[in-house]
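1. For reference, the sequence and a predicted model appear below.
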Amino acid sequence: MKAAVIYGEKDVRIEDVEAAAVTEGKVKVEVAWTGICGSDLHAYHHGLGVAYEEHPISKRKVPLVLGHEFAGTVTEIGQGVTNVSVGDKVAIEPVLYCGECEYCRKGDYNLCEVSNVGFLGLSDDGGFAEYAVADAKYFHRLPENMSLEEGALVEPTAVAFHAIRNSGLKAGESAAIFGAGPIGLLLLLCAKAAGAAETFVIDLSQERLDKAKELGATHTINPAEEDAVEKIMAITGKGVEVAFEAAGAQPTVTSALAALKKKGTLQVVAGFSKEVSIDTNAMLFKEAAIKFSLAYAHDFPPVIKSIAEGKLDVKQVITRQIKLDDLVQNGLELLTEDKSQAKILVSPR
């Protein structure tokens, strides 16, 4: 089968590989669409880091089939599989977990002690391929009225959904989202669905801000042109209840904390390439809270339900659909250069 295999930094090859066998407890899916994630971009530009060593659960290391935001149709199931059937449309939850450690037993499998944050497509073969095979527990059936394009967006939407729930954002409250990449845009959609009365989206890219406005942001702010904190304070009077950090940079952390009202919450969603500092006294005098959100756990079912019922119109974040053969040039490279792109979906067919 055709697949996009990552060997290392700036080394992703479209080549023929053999699909894994469908053994007991496994499911094979014909992949329809796979989204390009910021993690894929990081892997492409900087390599996979720990994936150069064998993962404790998958027993795999690079080269691997890239891609973890994918959906498709079940073509084969192994003995003992009962949660999906051949012909089902499914979305794949790619977080690898053991199911037996303390955190897995508590239901926090995104914090699995054995896996140490492993994913299909980053620590095992993923979805940039014609077919994918994985344990049945990672597959979620999609309703008939839900498209496979929407199915490929369940994974990144679950990241945003998990962060919104973790933040404690309540209906009628205000939210500021720092960073208008795909996750920032999905945070906006989820915040609106949660009942946020006023939303601010902050980004240096005017193209991304235009997209946020299109998706219903109450206010958009370009910090290169105006002071984001001053504008938020001028409009709200006291600041926002919740600020989401979806950019992963010192300036956005500083601004997000400053934009909070007293008793407000900073919800960190992005990963960071280096340490950041905070003004602890300023946070002390606000009694502000700082929370962190890692991937998702038990969030796929409610996200699928919300999309199917029309409460989350995630198709709005799709800006381009390309063929697998064009993944590198028209996907990984394009996303680096063209800030007007949000979510690019890739089809192997």
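-> The structure has been received and is ready for your questions.

2. most distant residue from the middle of this structure?
-> Within the chain, residue 285 marks the point farthest from the mean C-alpha position, 33.1 Å out by CA atoms, centre = their mean.

3. give me the element it is part of.
-> helix 280-286 (DSSP states H and E).

4. Can you mark which positions in that helix are buried?
-> Going by neighbour count (16 or more other CB atoms under 10 Å), the buried part of helix 280-286 is 283, 286. Yep, even glycine has a C-beta here, placed from its N, CA and C like the rest.

5. follow-up on the earlier one: look up how far residue 226 lies from the residue farthest from the centre of the chain.
-> Relative to residue 226, residue 285 is positioned 26 Å away (CB to CB, to the nearest Å).

6. now do residue 275
-> For residue 275, the distance to residue 226 equals 28 Å [CB to CB].

7. Same question for residue 23.
-> Remark: distance between residue 23 and residue 226 (CB to CB) = 58 Å.

8. What of residue 53?
-> 46 Å.

9. and if you look at residue 339?
-> Distance of residue 339 to residue 226, computed by CB to CB: 19 Å.

10. Kindly report the same for residue 234.
-> According to CB to CB, residue 234 and residue 226 sit 10 Å apart.

11. and what of residue 168?
-> As judged by CB to CB, residue 168 and residue 226 stand 29 Å apart.

12. Can you report how many residues lie near residue 58?
-> 20 (other CB atoms under 10 Å).

13. then the helix or strand harbouring residue 321 to CSV, C-alphas only?
-> Residue 321 belongs to strand 318-323 when assigned by DSSP H and E. Extracted in CSV, the C-alpha atoms of strand 318-323 (Å, rounded to 0.1, in the frame of the first residue of the first chain):
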residue,chain,number,x,y,z
ILE,A,318,-10.7,22.9,6.5
THR,A,319,-8.9,25.1,4.1
ARG,A,320,-7.4,22.6,1.6
GLN,A,321,-7.8,19.0,0.6
ILE,A,322,-4.8,17.3,-1.2
LYS,A,323,-3.6,13.9,-2.4
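
14. For that strand, give me every contacting residue.
-> With contacts defined as CB atoms under 8 Å, 6 or more residues apart in numbering, strand 318-323 is touched by 33, 149, 153, 211, 330-331, 334, 340-348.

15. Whichever of the residues you listed end up buried, select them in ChimeraX.
-> Those of those that count as buried under 16+ other CB under 10 Å are selected in ChimeraX with:
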select :33,149,153,211,331,334,341,342,343,344,345,346,347,348
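
16. Among the contacts of strand 318-323, which pair sits farthest apart?
-> Greatest spatial distance in these: 211 and 348, 26.8 Å, computed using CB to CB.

17. Okay, and which of the contacts of strand 318-323 map to strands?
-> Among these, the ones falling in strands (DSSP state E) are 33, 343-347.

18. I'd like those as TSV, with distance to residue 1 and pLDDT appended.
-> Formatted as TSV, the ones in strands among the contacts of strand 318-323 follow (distance: CB to CB, whole Å; pLDDT from 0 to 100):
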residue	distance to residue 1	pLDDT
33	16	98
343	24	97
344	21	98
345	19	98
346	15	98
347	14	98
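
19. tell me which of those is nearest to residue 128?
-> Using CB to CB, residue 346 comes nearest to residue 128 of the ones in strands among the contacts of strand 318-323, at 6.3 Å.

20. Do you know the pLDDT at the nearest residue in space to the closest one that is not next to it in sequence?
-> The shortest distance from residue 346 to any non-neighbouring residue, by CB to CB, 6 or more residues apart in numbering, is to residue 34 (5.0 Å). As predicted, residue 34 sits at a pLDDT of 98.

21. Any buried residues in the helix or strand residue 291 falls within, and which?
-> Assigned by DSSP H and E, residue 291 falls within strand 289-292. Using 16+ other CB under 10 Å as the test for burial, strand 289-292 gives residue 290.

22. do stretch 151-167 as well
-> Within stretch 151-167, the residues that count as buried by 16+ other CB under 10 Å are 151-167.

23. Could you look up the SS state of the spatially most central residue of the chain?
-> The centroid of the chain falls nearest to residue 156 when counting by CA atoms, centre = their mean (2.9 Å). Using DSSP: H, G, I helix; E, B strand; the rest coil, the secondary structure recorded for residue 156 is helix.
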